[in-house]
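> mind looking at a prediction? Sequence and model below.
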Amino acid sequence: MDDYTVRLNLLVPGITLIAGMADYPALIVHSSYSPQIGLKDSPIGTGTFVQETYEVATRATYSCRKEGWWGGEVNLDGVEFIDYGTDPSAIVSGFEAGEIHVNDETTSEFVEIPDALDIVRKEKGTANTIVARMRAVSPPF
């Protein structure tokens, strides 16, 4: 409609539409996006970093955007994401080898190991929840 307004014509009302678009797994792409090219080969964005490389199930590297970014000072020249797979001991080995500086999750059986490596542990409560819905009027509930 104009530069700041989008009109959606839905088949049915959707009360969760805005929340769904704001959730991190939502994939909202630029109107020039081509599924034949894909996001990996044609990323468009205004965020802090620009994708440099992407290797499926291996690594991705990003460099700091020098211009065209809407936000303030950036304190990193770049970021590299490394996929160590599902074995938590591989992440510990990455810390020991000096290959990584931070991880996003430490499983409960490995939570004490960072202490021996002089790694600062931080924790952040999240809003992740599990919902169990039951019919209280039906046995055995």
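Thanks, I have the structure now. A quick note: this is a predicted structure, and the numbers were derived from the prediction, not measured.

> confirm that residue 89 sits in a helix.
Yes: Residue 89 forms part of a helix when assessed by DSSP: H, G, I helix; E, B strand; the rest coil.

> tell me the contacts of it?
residue 110 (Cβ atoms under 8 Å, 6 or more residues apart in numbering). All C-beta atoms are positioned from the backbone trio N, CA, C, and that covers glycine.

> and residue 76, by the same measure?
Per Cβ under 8 Å, 6+ apart, neighbours of residue 76: residue 64.

> for it, pull up the helix or strand it's in.
Using DSSP states H and E, residue 76 sits in no helix or strand.

> from residue 65, how far off is it?
With distances taken as Cβ to Cβ, to the nearest Å, residue 76 is found 11 Å from residue 65.

> also residue 35?
25 Å.

> the more surrounded of these two?
Remark: of residue 35 and residue 65, residue 65 carries more neighbours, 16 against 7, as counted by other Cβ atoms under 10 Å.

> okay, and residue 114 sits in which element?
helix 113-116.

> buried residues, that helix. List them.
Of the residues in helix 113-116, 113-114 count as buried by neighbour count, 16 or more other Cβ atoms under 10 Å.

> next one: stretch 21-30
Of the residues in stretch 21-30, none is buried (16+ other Cβ under 10 Å).

> which residues are in contact with the least confident helix or strand in the chain by mean pLDDT?
Every helix and strand in the chain was compared by mean pLDDT, DSSP states H and E; the lowest is helix 38-41, with a mean of 78. By Cβ under 8 Å, 6+ apart, the residues outside helix 38-41 that reach it are 29, 33, 51, 54.

> buried residues of it, list them for me.
For helix 38-41, using 16+ other Cβ under 10 Å, the buried residues are residue 39.

> right, and the helix or strand after it?
Criterion used, DSSP H and E; the element after helix 38-41 is strand 49-55.
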